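Asks: What follows is a predicted structure for the sequence shown.
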Amino acid sequence: MTISDYKTVLVTGASAGIGAAVVRDLTSRGLTVHAFARRAERLNDLAAETGCTPHQLDVRDTAAMTDLFGEIGADVLVNNAGVGRAIDSTVTADPADLSQTIDTNVTAVLQATRAALPAMMAAGRGHIINIGSVAGLYPLSSAVYGASKGAIHFMSTNLRLELVGTGIRVTEICPGRVATEFYDAAIDDENLRHKLKETGITEITSADVAASITYALDAPWYVNVARVELQPLEQTYGGVNFDTAPQNQ
């Protein structure tokens, strides 16, 4: 079961960044790609460019997503939609931003997977691709976003156990810094946004991430690419931080 054995793909968060790159790559390989996102104008532009089928959808609308996914009956689901609201501080986070992050990054991914699986199980084959993050694997200074991507990590590994013997593969893609609009949408404060964006390193691209997805899809049927980590050469993780705490008087 390589990429040529698949026919129909669902991609969430497809209007820009990684999602749009995945749509471009997979349509170029002859697959029928259904692209889902909230921004209709960008989706229509992508459809004109690639020939994908656009669907304006907020993945938090479970009923609409369930109906569409059931109607389409795809071989591949790319759970890419995600947000980074409340990424900078838990204590100062707006409760609405915290809820939006968990609802989009965790709950919607579970609902999308639940909606897509019946067709795959009936066919005896399929592939779930979850876009995680290194933030879900290593300690980073973002408890909310890290928690949401940590959930995706354990969802992916546990889903493999649930689906063993069904012919359905599960892959988690964990990028580091990617040159996308992520921070523009995640952070309202201009100074903080500039500080987090301007790292001075050469970031990986959305096309690099899309290529890792194609690699996982194109593996032989007996190979499950369980997890891919990719990050800029100039980025790494680890280390120990020390600081003094306030002393009780």
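Replies: Perfect, I can see it now.
Asks: Might one say that Gly51 is in contact with Ser28?
Replies: No. With contacts counted by C-beta atoms under 8 Å, Gly51 stays clear of Ser28, the gap being 9.4 Å. No exception for glycine: its C-beta is placed from N, CA and C like everyone else's.
Asks: Go through this protein and flag its longest helix.
Replies: Ranked by residue count and defined by DSSP state H, the top helix of the chain is helix 143-163.
Asks: Buried ones in it, by neighbour count?
Replies: Across helix 143-163, burial judged by 16 or more other C-beta atoms under 10 Å covers 143-153, 155-156, 159-160, 163.
Asks: what's that helix in contact with?
Replies: Under the contact criterion C-beta atoms under 8 Å, 6 or more residues apart in numbering, helix 143-163 has outside partners 79, 82, 84-87, 90, 93, 98, 101-102, 105-106, 109-110, 113, 117, 128, 130-133, 135-137, 139-140, 170-172, 174, 224, 226-227.
Asks: Could you pick out the buried ones from those residues?
Replies: Buried subset of the contacts of helix 143-163 (neighbour count, 16+ other C-beta under 10 Å): 79, 82, 84-87, 93, 98, 101-102, 105-106, 109, 113, 117, 128, 130-133, 135-137, 170-172, 174, 224, 227.
Asks: Sort out for me which of those are in helices.
Replies: Of the buried ones among the contacts of helix 143-163, the ones assigned to helices by DSSP H are Leu98, Thr101, Ile102, Val109, Thr113, Leu117.
Asks: residues contacting the fourth one?
Replies: Just to be clear, that refers to Val109. Asn79, Ala81, Asn130, Ile152, Met155.
Asks: want to throw those residues into CSV with pLDDT?
Replies: As requested, those are arranged in CSV below (pLDDT from 0 to 100):
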residue, pLDDT
Asn79, 98
Ala81, 95
Asn130, 98
Ile152, 98
Met155, 98
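Asks: Pick out whichever of those sits closest to Thr236.
Replies: Thr236 has its nearest neighbour among these in Ile152, at 21.3 Å by C-beta to C-beta.
Asks: separation between that closest one and Thr92?
Replies: Distance check for Ile152 against Thr92: by C-beta to C-beta, to the nearest Å, it reads 24 Å.
Asks: Same question for Phe36.
Replies: 32 Å.
Asks: same question, Asp75
Replies: Counting by C-beta to C-beta, the separation of Asp75 from Thr92 is 43 Å.
Asks: The residue lying closest to Val11 once chain neighbours are set aside: neighbour count?
Replies: Distances taken as C-beta to C-beta, 6 or more residues apart in numbering put Val78 closest to Val11, at 4.5 Å, once the chain neighbours are dropped. Look at Val78: counted by other C-beta atoms under 10 Å, it has 31 neighbours.
Asks: Am I right that Val78 is in contact with Thr12?
Replies: Yes. Assessed by C-beta under 8 Å, Val78 is found in contact with Thr12 at 6.9 Å.
Asks: List the residues that are in contact with both of these two.
Replies: Contacts common to Val78 and Thr12, judged by C-beta under 8 Å, 6+ apart, are Gly19.
Asks: Okay, strands next: where are they in this protein?
Replies: 8-12, 32-37, 53-56, 76-79, 126-131, 168-175, 227-230 (DSSP state E).
Asks: For the fourth one, enumerate the helices and strands it packs against.
Replies: For strand 76-79, the helices and strands in contact under the criterion 3 or more C-beta pairs under 8 Å, 6 or more residues apart in numbering; DSSP states H and E are strand 8-12, helix 108-123, strand 126-131.
Asks: Now do the contacts for the closest residue in space to Ile129 that isn't next to it in sequence.
Replies: Excluding the flanking residues, the one nearest Ile129 by C-beta to C-beta, 6+ apart is Val78, at 4.5 Å. When contacts are counted by C-beta under 8 Å, 6+ apart, Val78 touches Val9, Leu10, Val11, Thr12, Gly19, Val22, Ile129, Ile131, Ile213.
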